[in-house]
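1. Structure, please.
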Amino acid sequence: MIGVNSDYNNTASWKHYPTVAVLRPKNLSDEEINKVVSYAKDKLLDIKYDIFSGIFGETAEENGKLKSTHCSHLVWSAYKSAGVDINSDGGLLVLPDDFLKSDELEIIWSYGIN
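-> Residues are numbered from 1 along each chain as shown. I've put the predicted structure just below:
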């Protein structure tokens, strides 16, 4: 959220939200999954929140890390590092709905989502 940098979170922290979905990649090898996870750990921790990240082209980097991101952009960036684009509509702004419609992901569990 605004004013908070990206950080690790567990699924229990989402229990107070009205909608939640758990998605997993459909066709990634163990090597690709490890690349996504490594990129997230190395490059996406403690990044400034900015809802407009990615709208005006690639988000600027500083010292090999994104200068800013938002929740969906952060997840998209991790998968993109392995060559997998989970933005289903290819639009300028990556949204959670794009993940739900992505051919690259499958819904494992959801609450409050039709």
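2. Which parts of whichever helix in the chain runs longest count as buried, going by neighbours?
-> In the chain, with assignment by DSSP state H, the single longest helix is helix 30-43. If you call a residue buried by 16 or more other C-beta atoms under 10 Å, then helix 30-43 has these buried ones: E32, K35, V36, Y39, A40, K43. C-beta here means a position set from N, CA and C on the backbone, and glycine is covered the same way.
3. from memory V22 sits against L100, does it?
-> No - when contacts are counted by C-beta atoms under 8 Å, V22 is not listed as touching L100 (11.2 Å).
4. any residues in contact with both of those two?
-> I107 (C-beta atoms under 8 Å, 6 or more residues apart in numbering).
5. what are the ranges of the helices in this structure?
-> 30-43, 71-80, 96-100.
6. Quick one, which of the ones you listed gets closest to G3.
-> Among the helices of the chain, the nearest to G3 by C-beta to C-beta is helix 71-80 (13.9 Å).
7. Geometric centre of this structure: which residue is closest?
-> Geometric centre of the chain, nearest residue: V75, 1.1 Å, by C-alpha atoms, centre = their mean.
8. There's contact between that residue and I86 in this structure, I believe.
-> Yes - between V75 and I86 there is a contact under C-beta under 8 Å: 7.3 Å.
9. got any residues that touch both of the two?
-> Joint contacts of V75 and I86 (C-beta under 8 Å, 6+ apart) are F99.
10. what about D7, distance to S13?
-> Distance, D7 to S13, by C-beta to C-beta, to the nearest Å: 10 Å.
11. And P25, by the same measure?
-> In terms of C-beta to C-beta, P25 sits 22 Å off from S13.
12. Could you list the low-pLDDT ranges of the chain?
-> Where the chain drops to pLDDT under 70, the residues are 54, 56-64.
13. Run through the strands of it in chain order.
-> Using DSSP state E, the strands found in the chain span residues 20-25, 48-49, 61-62, 65-66, 68-69, 105-111.
14. If anything else comes up later, I'll come back, but that's it for now.
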